[in-house]
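Participant: Curious how this folds, go ahead:
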Amino acid sequence: MKPELHIIDHPLVQHKLTLMRCKETSTKSFRQLVQEVSTLLAYEVTRDMPMQTIEIETPLERMQSRVIDGKKVVLASILRAGNGFLDGMLNVLPSARVGHIGLYRDPNTLQAVEYYFKMPQGMEERDVIVLDPMLATGNSAVAAVDRLKQTNPRSLRFVCLVACPEGVKRFHDSHPDVPIYTPAVDRGLNEHGYIVPGLGDAGDRIFGTR
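Facilitator: Residues are numbered from 1 along each chain as shown. Below you'll find the predicted structure:
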């Protein structure tokens, strides 16, 4: 299976990402931009979602029409920064269930350590969208998808704001069947494991803890 990497190059997404990269952008503005970009990304990540046909009644007659079953979609947020994606995604998928994966990066090894995992029931019938702003070393994303695959979901997609070649390779070496959706693949990682040029620590910038 050939790994899929979808670069979302829509002008609105790229414009808002540029504003987010600026270090002068305030916490309030950064948080609002994350919500706006995540709404736009939701349109792209659901482009090939499975659909079903239902019967409805228009003001003129009954007809067969297609819908996404929003109740079968799970937004899996990698804590804490993934929560910045939720409001924007839920604007488009208001019936989606929400799950949380608590991971932190060990500062010495840069490996992901799990401290929390909570998903809806019946995951084998659900399409999962994994949310994490940064795909840096790839360790957290791989650990999250490792754990999610234990629940046997119907499908998995990974969405981030910024990725780098090292993170993309690490992720797809472990999970070639899971497509990545991102507006940008930056140059690489610095000595501390942060994406450069990047946008800084997304969690700190969303929650004002920088």
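Participant: by contact count, what packs against the top helix by length along the chain?
Facilitator: Ranked by residue count, the top helix of the chain under DSSP state H comes out as helix 27-45. Packed against helix 27-45 by the contact rule (3 or more Cβ pairs under 8 Å, 6 or more residues apart in numbering; DSSP states H and E) you find helix 11-21, helix 83-92, strand 155-159, strand 180-182, helix 202-207. The C-beta positions use only the backbone N, C-alpha and C, and glycine is treated the same way.
Participant: which of those is buried the deepest?
Facilitator: Comparing these on average neighbours per residue, with mean count of other Cβ atoms under 10 Å, the densest one is strand 180-182 at a mean of 24.
Participant: Each with direction, which strands does the next helix or strand after that strand pair with?
Facilitator: Following strand 180-182 in sequence order, the next helix or strand is strand 188-189 (DSSP states H and E). Using DSSP bridges, strand 188-189 pairs in its sheet with strand 195-196 (antiparallel).
Participant: average pLDDT across the strand it pairs with?
Facilitator: Averaging pLDDT along strand 195-196 yields 93.
Participant: Next: stretch 10-22.
Facilitator: 95.
Participant: Repeat that for stretch 151-164.
Facilitator: 95.
Participant: From the chain's centroid, how far away is it?
Facilitator: 6 Å (Cα atoms, centre = their mean, to the nearest Å).
Participant: same question, stretch 127-142
Facilitator: In terms of Cα atoms, centre = their mean, the centre of stretch 127-142 is found 7 Å from the chain centre.
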